[in-house]
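Colleague: Generate coordinates for the sequence data below:
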Amino acid sequence: KTRDVLNYKIANGGWGQSAGYEGDFIGVRINYEWGIGTYTIELKKDSSDNKGDWYGLWITNTSNKQNTYCGSIRFETSSKSSGIKSSGITWSELYYKADKNTTLPNWHVSVDEVLADNKAPISVTSDYNKNTFVGFSNIFTTNNKDVHFLMGPKVLTYKPAGKLW
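Modeller: Model (predicted):
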């Protein structure tokens, strides 16, 4: 609920955003070349200052151990709250490169082994399944702790305004 760009740190090669089209928010972004494999995503408190706590995001490719810093956002502290308490959210967005002829890959994404303060959450859910798909529905594991879904050109989703992708 802020647009103050002093509340984010941008990684090398990344950029920030301050917008109000989905409520006031800030965000940090970075291009990342995903490949076939397994990745660890870590969101953690990396520092504090007199205004609040900074939380950064890192992506680690588990095959080559390459660790990429994506940026940090400050959550202001007050007598009522400090940092991230619950309902952590992450999402993935696919964008074409400058060459519109680049074929997007089909992805099968698994979100599993989610930990917060080294503890398993009560549940893990996805809003992705609220979309309407052609020939596909999300796959959830029976333990309600993992989410599996597909992304890519063969997964068609429709919104009231028409085809999303």
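Colleague: Make sure Ser48 is actually in contact with Trp54.
Modeller: Yes - between Ser48 and Trp54 a contact is recorded at 6.8 Å, counting by Cβ atoms under 8 Å. Yep, even glycine has a C-beta here, placed from its N, CA and C like the rest.
Colleague: Compare these two (neighbour count), which wins?
Modeller: Trp54 (19 against 14; other Cβ atoms under 10 Å).
Colleague: From Ala11, how far out is Ser47?
Modeller: According to Cβ to Cβ, to the nearest Å, Ser47 stands 15 Å off from Ala11.
Colleague: what about Trp58, which helix or strand?
Modeller: Assigned by DSSP states H and E, Trp58 belongs to strand 52-61.
Colleague: Name the residues that touch that strand?
Modeller: Strand 52-61 is contacted from outside by 7, 9, 28, 32, 35, 37, 39-48, 66-77, 82-84, using Cβ atoms under 8 Å, 6 or more residues apart in numbering.
Colleague: among these, which ones are buried?
Modeller: 7, 9, 28, 43, 68-75, 84 (16 or more other Cβ atoms under 10 Å).
Colleague: Same list, those, but as JSON lines with distance to Gly16 and pLDDT please.
Modeller: Formatted as JSON lines, the buried ones among the contacts of strand 52-61 follow (distance: Cβ to Cβ, whole Å; pLDDT from 0 to 100):
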{"residue": "Asn7", "distance to Gly16": "10", "pLDDT": "93"}
{"residue": "Lys9", "distance to Gly16": "9", "pLDDT": "97"}
{"residue": "Val28", "distance to Gly16": "5", "pLDDT": "93"}
{"residue": "Leu43", "distance to Gly16": "17", "pLDDT": "83"}
{"residue": "Thr68", "distance to Gly16": "17", "pLDDT": "97"}
{"residue": "Tyr69", "distance to Gly16": "14", "pLDDT": "97"}
{"residue": "Cys70", "distance to Gly16": "11", "pLDDT": "95"}
{"residue": "Gly71", "distance to Gly16": "7", "pLDDT": "96"}
{"residue": "Ser72", "distance to Gly16": "11", "pLDDT": "95"}
{"residue": "Ile73", "distance to Gly16": "9", "pLDDT": "93"}
{"residue": "Arg74", "distance to Gly16": "12", "pLDDT": "91"}
{"residue": "Phe75", "distance to Gly16": "16", "pLDDT": "85"}
{"residue": "Ile84", "distance to Gly16": "19", "pLDDT": "57"}
